[in-house]
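Peer 1: I'd like to go over a predicted model; first the sequence, then the structure.
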Amino acid sequence: MKRYNENTRLVPVPSTSVIPDRDVGKLPILECRHLGIDFGGLTAVSDFNLTIGRTEIAGLIGPNGAGKTTVFNLLTKVYQPTRGIIMLDGVDTAGMTTAQVNHAGIARTFQNIRLFSRLSVMDNVLIGLQDSMSYSLPAAILRLPSYWKQEKVARERALELLSIFDMADLADHEAGSLPYGAQRRLEIVRALGTNPSLLLLDEPAAGMNPSETAELMENIVKIRDTFQIAVMLIEHDMSLVMNICEGICVLNFGKVIAKGTAADIQNNPDVIEAYLGKRKEGE
Amino acid sequence: MHLFSILISQIINGLQSGAIYALVALGYSMVYGIILLLNFAHGDIIMVGAYAVWFSMAHLGLHPIPSMLLAVAASTLLGVLIEKLAYTPLRSAPRLSLLITAIGVSFLLENSFQLIFGAGAQTVPNLISGPSLQVGSVTVSFSAMLTILVSVICMAGLTFLVQKTKLGKAMRAVSENMSAAQLMGISLNRTISFTFAMGSALAGVGSVLYLCTYGQASPTMGSMLGLKAFVAAVLGGIGSLPGAMIGGFAIGLTEALVSAAGLSVWKDGAVFAILIVVLLVKPTGLLGKPMVEKV
Amino acid sequence: MNQRKAVLPMSARYLINAALCLALILGLKGLSASGLLSDYFTKILILVGINIILAVSLNVATGYLGQLPLGHAGFMAVGAYTGGIFLKSVNAAAMSGAPLVLTIAAAILLSGAVAALFGVIIGVPALRLKGDYLAIITLGFGEIIRVVITNIDSVLGFDFTYGASGLKRIPKFTGALNVFLCVVMTCLVIHMVMKSRHGRSILSIRENEIAAESCGVNTTFYKVMAFTMSAFFAGVAGCLYAGNLGSLQPGGFGFMKSIEILVMVVLGGMGSMLGSVVSATVLTILPEALRSFDRYRMVVYSAALILMMIFKPSGLFGDYDFSLSRILEKLGVGKKPAGKEDAR
């Protein structure tokens, strides 16, 4: 078993860290088998099989309406799957609620940003850091030492997480007043706060300009390296997907039509036909 | 045989009040179906209608028939006016704001009428009289027959209007998808106003039937009547017209049967208990469609 | 926040707030002792206090949790009858001194606890629903509480709530001082909860329920918690109300009362404790100050509600809250973090 190296940390983790060191063993972090869901008579996703390694960056691509966000909703139990099994870190998530799946290790962002927009940036991250605090209601009312201690640690941790995206100085701003790109980044920070082992990013680069996208790419890799977690992302920006995703899964009409590395996918005739369209000469 | 005839006459009472609930419930359901608003003021439109009958008979000295028509016209106008003044400015506001506004309108109407006409009830005696029907030992009053008949006609008319006419199609389109309907060239304002007008006209008819049955109007009559009609709409599945009709009759019958069992003080409690059970077991009601939030 | 220099430590800020409260209590005592505070004004102050507790407690469910319960008067009724029956059954009227104080404290806590229990019983099923449906089901529960209080005696076969004729001869223990203490405690506890991980979870549900769940917030638990807290303080207010009037009628706890409380919260600004306090105060004093106005009270309230929704839906104060730190900061007493650290 490989221990995760202290020197590779880009963001210093305090000694009271909420992020424990993780083993990078062979057990995959996520394993879906024959996952499927029907809405009424319509099959939105069927026979979805996928395995994601502990520190893999995986891409989920496909044309609009292919069922990509539905897969995320199934993984996070926003929708209960009709069929199939989701194993997270070797644990079957059947019967779990969205919150329980989050406790088990999946955090996500949303395609249409869902921030707590009237709360401050700091509060948004603190809600993500919810589980790092355990003081009771009476302790909060009486402001016992456990309250002060845990709040202080959580606030420091929040600032550190924000500093990944250079957002620490925005902590007091109202989340809804941030520019679009910053809101997307804040959602990632909030998700990281929940100490996930698998981070799901739903179109993280949507609405970003090329330089912001490039920066985001770097940050996604940085997050993976720092926290040693798996990242799965839905994205339409092919440069992002092809550059950073180690494994790519292509979905069309709710079915997986191809899986593999960027090179495999780019040369797969089914994908080219279903998704990328006609191949241009010289590409 | 005696018990049986009591039961039958209670059932007829139940159908009579149920018919009124059904008419009012239709208004709730139509408005909810189209703009997702629980129009709390709907019950008070009935109150205004009843006052219109009383006022035109007692103060303007009109014959009952024109008074009734006047009441229906006044209710319709009021419904549209409320929609234009209070709800249109809030069409894009959060649903909570709209709901609070509706509660505000309801209280404004109740309290203004209390201020103007006093808190006491105004009696409208002998609005309509006619022969009653004797079937064995059971007497069916003229008002009961009239109420049930008129409400059934109204419901049939409304169903025809919604299913077969162009305006009805527009209403259904708007309730399905407001922006898509607009893109298809349907005038949103006109369709919504029309929905309010229809719902309020039915409430106006309801107010006349109420007066035929109970013979008096008070400023707060609309609140309990409205709440119960509203329970009826929820029971049937809010947004569903046949559901509202079924719900109305079901509530009327429940009340009559609870009273027949000698528990009339628990009548209101029973109605609200039904509401709670329905909401917990099947929040979409008997015939309502489930709504799924898009993630 | 913590990168800035905290010149005035937390403990000092709590001390200042505590000193302010103490000064107010002493001021109240002094005023009533010197006779400057007539019985009439005391009466109004008590009413103001009760309404503040009601509005602030409803604000927890409406402003912070973002739901619209329409049965707040039901919880108040539960508290009022609990307090009333308790005080009568222990014969508090014959007590004096320390036992009386303890009995009153017990009555207030018991009223809150029983109301909170009802909050849980009603909240668990009701909070499975959202928005409009939640509003209606709480309305239904509120009405059922009223119907049950009116008719329970006929079922039990003995006098318990005294039905429609009303529960009478409750010891009139409510005074300006204990109301003031309850107001301070209510605001303090709610404030402390809202500025903690529990409060943030409640706010996150208001902001975006699906996102809150995805962040691991157990939304059902926190909804019930907020609802129960709201019910608890409504019960406390109910007990004070019973001790103020000395008699209770079930008719006084109808839908109308729930709406009156809602008006206070909405006008003050949903989510602002300061807003609830100010608007409860104004809406209680105004009808008293303008006696002839009382007739128009509900008309004006409802019109104000509609106009507010159309022109300023966020209420007078939005979700702005009083902050001692911020005021001191503006006065230049010292640069402190911009946290909202009021204790009132």
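Peer 2: Here it is on my side, so go on.
Peer 1: biggest helix in chain A, by residue count?
Peer 2: In chain A, assigned by DSSP state H, the helix with the most residues is helix A:145-164.
Peer 1: Just the buried positions in that one, please.
Peer 2: A:147, A:150-151, A:153-155, A:157-162, A:164 (16 or more other Cβ atoms under 10 Å in any protein chain shown). Every C-beta, even on glycine, is put in place using the N, C-alpha and C of the backbone.
Peer 1: do the same with stretch C:108-115
Peer 2: C:Ile108, C:Leu110, C:Ser111, C:Gly112, C:Ala113, C:Val114, C:Ala115.
Peer 1: Touching, C:Val147 and B:Val271? I think so.
Peer 2: No: applying Cβ atoms under 8 Å as the test, C:Val147 and B:Val271 come out as separate, 9.6 Å apart.
Peer 1: From what I see, B:Ile103 and C:Val266 are in contact.
Peer 2: No: between B:Ile103 and C:Val266 there is no contact under Cβ under 8 Å: 9.5 Å.
Peer 1: Comparing the two, which residue is more hemmed in?
Peer 2: Legend: neighbour count by other Cβ atoms under 10 Å in any protein chain shown for B:Ile103 and C:Val266, higher for C:Val266 (33 against 26).
Peer 1: and the helix or strand containing the more buried one, anywhere near chain B?
Peer 2: Using DSSP states H and E, the element containing C:Val266 is helix C:255-268. Yes: shown here: helix C:255-268 in contact with chain B (Cβ under 8 Å from any Cβ of the partner chain) through C:Phe255, C:Ile259, C:Leu262, C:Val266.
Peer 1: which residues does the second one contact?
Peer 2: So the one you mean is C:Ile259. By Cβ atoms under 8 Å, 6 or more residues apart in numbering or on different chains, the contact list for C:Ile259 reads B:Ile103, B:Phe107, C:Leu70.
Peer 1: Can you flag which of the residues you listed belong to helices?
Peer 2: B:Ile103, B:Phe107.
Peer 1: re the thing from before, next, the buried residues of the helix holding C:Val266.
Peer 2: Buried-residue list, helix C:255-268, by 16+ other Cβ under 10 Å: C:255-268.
Peer 1: Farthest pair within the residues you listed?
Peer 2: C:Phe255 and C:Gly268 (20.6 Å; Cβ to Cβ).
Peer 1: Mind putting the buried residues of helix A:145-164 into CSV with distance to B:Leu167 and pLDDT?
Peer 2: CSV is the format used below for these (distance: Cβ to Cβ, whole Å; pLDDT from 0 to 100):
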residue, distance to B:Leu167, pLDDT
A:Tyr147, 61, 93
A:Gln150, 61, 94
A:Glu151, 59, 93
A:Val153, 63, 93
A:Ala154, 58, 94
A:Arg155, 59, 94
A:Arg157, 60, 93
A:Ala158, 56, 94
A:Leu159, 59, 94
A:Glu160, 61, 92
A:Leu161, 56, 93
A:Leu162, 55, 94
A:Ile164, 57, 88
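Peer 1: three-state assignment of B:Ala170?
Peer 2: On the three-state scheme (DSSP: H, G, I helix; E, B strand; the rest coil), B:Ala170 is labelled helix.
Peer 1: B:Glu173 contacts B:Ile186, correct?
Peer 2: For residue B:173 the amino acid is Ala, not Glu. Yes: contact criterion Cβ under 8 Å: B:Ala173 and B:Ile186 qualify, at 5.8 Å.
Peer 1: neighbours of B:Asn150, just the number please.
Peer 2: For residue B:150 the amino acid is Val, not Asn. Using other Cβ under 10 Å, B:Val150 has 18 other residues around it.
Peer 1: before we move on, back to that, for the helix holding C:Val266, what is the average pLDDT?
Peer 2: Here helix C:255-268 scores 87 as its mean pLDDT.
Peer 1: so C:Gly216, which of the three states?
Peer 2: Assignment for C:Gly216 (three-state DSSP): coil.
Peer 1: List the buried residues of stretch A:50-69.
Peer 2: Of the residues in stretch A:50-69, those buried (16+ other Cβ under 10 Å) are A:50-62, A:66-69.
Peer 1: and if you look at stretch C:173-186?
Peer 2: For stretch C:173-186, by 16+ other Cβ under 10 Å, it's C:173-184, C:186.
Peer 1: B:Ala233: what's it in contact with?
Peer 2: Going by Cβ under 8 Å, 6+ apart, B:Ala233 touches B:Ala25, B:Leu26, B:Tyr28, B:Ser29, B:Tyr32, B:Gly243, B:Ala244, B:Gly247, B:Gly285.
Peer 1: and it, how far is that from B:Leu287?
Peer 2: 11 Å (Cβ to Cβ, to the nearest Å).
Peer 1: cool, C:Thr281 as well?
Peer 2: C:Thr281 is 47 Å from B:Leu287, by Cβ to Cβ.
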